[in-house]
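Q: Next input, structure requested:
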Amino acid sequence: MIGADFVPFALTPLLIGCLASVACALPGNFLVLRRQALIGDAISHVVLPGIVVAFLITGTISTWPMLIGSAGAALVAVAMIEGIRRFGRIEPGAAMGVTFTALFAAGVLLLEQSDTSGVHLDVEHALFGNLESLIWLDAIGWSSLADPQALAGLPPEIFRLAIVTALIGLGLMVFWRPLAISTFDEGFAETLGLPVRAIGLGLVIASAIAAVAAFDAVGSIIVIAMFICPPAAARLMTNRLGAQVLWSVAFALASAISGFVLAAYGPLWLGAQNAVSAAGMIGTVSGVFLALAALFGPTRR
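A: I've put the predicted structure just below:
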């Protein structure tokens, strides 16, 4: 897909995939360094029932209902984890695994029993998103980028993800020092008077916002992959935090771009007739980058 066809049919899905990848990779760096990488996995599981319940109540898929529903699901998850841990007398990791699996399964069951024919919300959408369908029908070529009327027809997901990505990036810059100190030495951060618990909670909230903003467009596959793979690969490339964040953004963008292209053209190059899921291919490519970093990264040892 080249020339004039690229703008209406490929530009916006590609940009949305890139924004979603970067939005998740940025907080993912600190989750990986704190050894809390599975929080990204947990968030992507917990938000599903919250989003479905918000849709059933409001009848629409929009940002604020999704955020409120996801926040409610997170509170339910915390209560379930604490209840299972105390009354079942099992270790917290097992309680978390049971809770996240149960909530995700509940979300899938709700989807299967709900009438979601009017929106892009079903089990396949929850896993893989609807990235390929987020095209820009009002565009006629690159000149549309300067046409206000055509710009009004852009998919709303691109604006939502652009705002969330910018806010997360700005938040990391503003709170860089307390985040870095509390990540590497929590005890020292406490002696400096830094609110360690609040900083950790803020990081989880930022991760949840990124997951919710990306979930509708790209599904849980990319959300899980981007929270973990680009930051983990970046950690194997450098021992400096600032450089690691830049490496993670580069890996996230490379995964989104190459994954989108391979999903569309890879099967054709191999003789197949149909494209494959862009979200699945982006997640696969991010795993490949992580594997290569594990084999050849300068700081892998």
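
Q: you'd agree L241 is up against R177?
A: No - assessed by C-beta atoms under 8 Å, L241 is found out of contact with R177, at 10.8 Å. Quick note: C-beta positions are derived from backbone N, CA and C, even for glycine.

Q: Quick one: the helices in this structure, in order.
A: With DSSP state H as the definition, the chain shows helices at residue ranges 6, 12-33, 38-58, 63-88, 92-113, 123-128, 148-151, 156-174, 176-184, 186-191, 196-235, 241-269, 278-296.

Q: about what we covered before: settle it for me: which of L241 and R177 has more neighbours?
A: Taking neighbours as other C-beta atoms under 10 Å, L241 and R177 compare with L241 leading, 18 against 11.

Q: what's the more buried one in contact with, if anything?
A: Residues near L241 by C-beta atoms under 8 Å, 6 or more residues apart in numbering: N29, L33, A180.

Q: Contact partners for the last one?
A: The contact partners of A180, taken as C-beta under 8 Å, 6+ apart, are L241.

Q: can you check the first one too?
A: With contact set as C-beta under 8 Å, 6+ apart, N29 has these partners: P231, A234, R235, L241, Q244, V245, S248.

Q: Using PyMOL, define a selection of the buried residues within those residues.
A: Burial among these is assessed by 16 or more other C-beta atoms under 10 Å; the matching PyMOL selection reads:
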select buried, resi 231+234+235+241+244+245+248
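
Q: Tabulate the contacts of N29 (CSV), appending pLDDT.
A: Shown next, in CSV, are the contacts of N29 (pLDDT from 0 to 100):
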residue, pLDDT
P231, 96
A234, 97
R235, 95
L241, 95
Q244, 97
V245, 97
S248, 97
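
Q: I'd like the contacts of N29 as JSON lines, with distance to L290 appended.
A: As requested, those are arranged in JSON lines below (distance: C-beta to C-beta, whole Å):
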{"residue": "P231", "distance to L290": "9"}
{"residue": "A234", "distance to L290": "9"}
{"residue": "R235", "distance to L290": "10"}
{"residue": "L241", "distance to L290": "19"}
{"residue": "Q244", "distance to L290": "14"}
{"residue": "V245", "distance to L290": "16"}
{"residue": "S248", "distance to L290": "11"}
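
Q: any idea which residue sits dead centre in this protein?
A: V223 (2.9 Å; C-alpha atoms, centre = their mean).

Q: Tell me the confidence at the closest residue to W142 other than its chain neighbours?
A: Nearest non-adjacent residue to W142, counting by C-beta to C-beta, 6 or more residues apart in numbering: V7, 5.8 Å away. Note for V7: predicted pLDDT of 85.

Q: Touching, V7 and L137? I think so.
A: No - if you go by C-beta under 8 Å, V7 and L137 don't touch, sitting 10.8 Å apart.
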